[in-house]
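A.B. asks: after the sequence you'll find the predicted model.
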Amino acid sequence: MAPDAGPQYVAAVDQGTTSTRFMVFDHGGNEVAKHQLEHTQIMPKPGWVEHDPIEIWERTRSVIQSGMRSANLQAGDLAALGITNQRETAVVWDKRTGRPYYNAIVWQDTRTDRIAAALDRDERGQVIRRKAGLPPATYFSGGKIQWILENVEGVREAAEAGHAVFGNTDSWLIWNLTGGVNGGVHVTDPTNASRTMLMDLETLRWDDELLGFFGIPRAMLPEIKPSSCPEGYGPSGADGPLGGEVPLTGILGDQQAAMVGQVCFAPGEAKNTYGTGNFMLLNTGAELVRSDNGLLTTVCYQFGDEQPVYALEGSIAVTGSAVQWLRDQLGIISGASESESLARQVEDSGGCYFVPAFSGLFAPYWRSDARGAIVGLSRYNTNAHIARATLESICYQSKDVADAMAQDSGVPVEVLKVDGGITANALCMQLQADILGVPVSKPVVAETTALGAAYAAGLAVGFWKTTDELRENWNEGRRWTPSWDDTQREDGYKGWRKAVERTLGWVDVD
């Protein structure tokens, strides 16, 4: 069913770890326009990863303007705008001037390892697990805010005075899109708030006890509003890239957005997104499932005044960025697509394994003391073996998470829905099917993160009436089926687990 006469499209900003893209979709979920720009990765010390928030905002303005121009669209052609974003990447800025006090501290950053370790040594760690559904870890925003408060001059005083405010990159963009210093709205949604270690999963509110653990003034935090918000988050700024005409009605953290884009609306439905890192989510419905196997309990989405839907998540820090490492640091490929052709030069990895624990290990291990390792090398191995081991590492890490998910939920994965950049690598997807032992299914529209944000925004304004309409838009583009036998699969995974053991305890964490 087509929308009523009026705007024929919905747009989304996808603010990711390495780039920002703007996409426009029609009622059938088809791409109408797209523009994308990378931003600088700032690595001032080992384990530190930062972004320039001003650069991200400028890139956002630019991709919106260029995307609209490329399709000859006007703001009046858009029914709504959704935002999806790299979660846990913390920005603290002065709401009087719009200037960040410090660079954005990225989710991969490990400088807060001592903060996380201290929390995990006493009962505070268990409180965080119970209330926020998360283990104390460098991954999440709370420790990053504490680090800025403690290490950047003047921020503590500005926060106490109500001038310094925090947001993940969704809040930073919404604040700027709604006027910035001229009345910018300071909001987030439950999917982003659930990644801070500061929100109670049951009430969807900031929790004073959790805030106390990090010494964070409550006034710093954005208002939590639904992921799909019929009344909107505030008018888009008149001097912004959309001229104040387009309602901002959807916010979803990037992995939850991919769940919506993959139409995983029923309990038991799962997807795996392959980006800078890998993120596998399983919809658990209204049930808040506590993990016994190293997974995260998180909010999947909240549409309007409906009850929240929850998910189990397995977060993997380094997957696509391991391919970037082959390109940028080792120089054995000149582009990401070359990883496939190089890896195809050999039939297997020649006994070598690459565990890309550059930022420690996330799910299901949660070991900030781990560091990357290539093991099992002999004179026989070539750069082609390392390229293939890199692709296998992406798939083995996903198997770690899929196994944990099956143990927690009692439901084994039968078909894995996949999306994200690495799904363009057919060899990697075949390896994923082989290593998991189940079919892997990719949709026609692979940009499911941006699509999910568009769906959330469009549902809010009635552009799509129900999630059933969204299901009708989903179509399979390609399927990979397993070719390995059980013995090959078991032997390969056994070697992987041995390799993971070699990475542990490399860094001393107090």
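C.D. replies: In hand now; what should we look at?
A.B. asks: which residues in the stretch 51-200 of the chain form helices?
C.D. replies: Taking DSSP state H, counting those that start in this stretch to define them, one finds helices in the stretch 51-200 of the chain at 53-70, 113-120, 123-132, 141-151, 155-160, 169-177, 190-193.
A.B. asks: make JSON lines out of those helices and add distance to residue 247, mean pLDDT and mean neighbour count.
C.D. replies: Quick note: C-beta positions are derived from backbone N, CA and C, even for glycine. Shown next, in JSON lines, are the helices of the stretch 51-200 of the chain (distance: least, C-beta to C-beta, whole Å; pLDDT from 0 to 100; neighbours: other C-beta atoms under 10 Å):
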{"stretch": "helix 53-70", "distance to residue 247": "15", "mean pLDDT": "96", "mean neighbour count": "19"}
{"stretch": "helix 113-120", "distance to residue 247": "39", "mean pLDDT": "92", "mean neighbour count": "19"}
{"stretch": "helix 123-132", "distance to residue 247": "31", "mean pLDDT": "94", "mean neighbour count": "17"}
{"stretch": "helix 141-151", "distance to residue 247": "27", "mean pLDDT": "97", "mean neighbour count": "23"}
{"stretch": "helix 155-160", "distance to residue 247": "31", "mean pLDDT": "96", "mean neighbour count": "18"}
{"stretch": "helix 169-177", "distance to residue 247": "11", "mean pLDDT": "96", "mean neighbour count": "28"}
{"stretch": "helix 190-193", "distance to residue 247": "19", "mean pLDDT": "97", "mean neighbour count": "29"}
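A.B. asks: can I get those helices in JSON lines including distance to residue 43?
C.D. replies: JSON lines is the format used below for the helices of the stretch 51-200 of the chain (distance: least, C-beta to C-beta, whole Å):
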{"stretch": "helix 53-70", "distance to residue 43": "15"}
{"stretch": "helix 113-120", "distance to residue 43": "16"}
{"stretch": "helix 123-132", "distance to residue 43": "28"}
{"stretch": "helix 141-151", "distance to residue 43": "16"}
{"stretch": "helix 155-160", "distance to residue 43": "22"}
{"stretch": "helix 169-177", "distance to residue 43": "18"}
{"stretch": "helix 190-193", "distance to residue 43": "24"}
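A.B. asks: compare those helices and give me the one nearest residue 100.
C.D. replies: Minimum separation from residue 100 across the helices of the stretch 51-200 of the chain (C-beta to C-beta) falls at helix 53-70, 4.5 Å.
A.B. asks: so which elements touch that closest one?
C.D. replies: Helices and strands touching helix 53-70, as assessed by 3 or more C-beta pairs under 8 Å, 6 or more residues apart in numbering; DSSP states H and E, comprise strand 9-15, strand 19-25, strand 31-38, helix 169-177.
A.B. asks: any chance of JSON lines for these, columns distance to residue 251?
C.D. replies: As requested, the helices and strands packed on helix 53-70 are exported to JSON lines (distance: least, C-beta to C-beta, whole Å):
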{"stretch": "strand 9-15", "distance to residue 251": "10"}
{"stretch": "strand 19-25", "distance to residue 251": "15"}
{"stretch": "strand 31-38", "distance to residue 251": "20"}
{"stretch": "helix 169-177", "distance to residue 251": "5"}
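A.B. asks: so who does residue 428 touch?
C.D. replies: Residues in contact with residue 428 (C-beta atoms under 8 Å, 6 or more residues apart in numbering) are 274, 340, 391, 394-395, 422.
A.B. asks: looking at those residues, which is nearest residue 374?
C.D. replies: Of all the contacts of residue 428, residue 374 sits closest to residue 391, with 13.6 Å by C-beta to C-beta.
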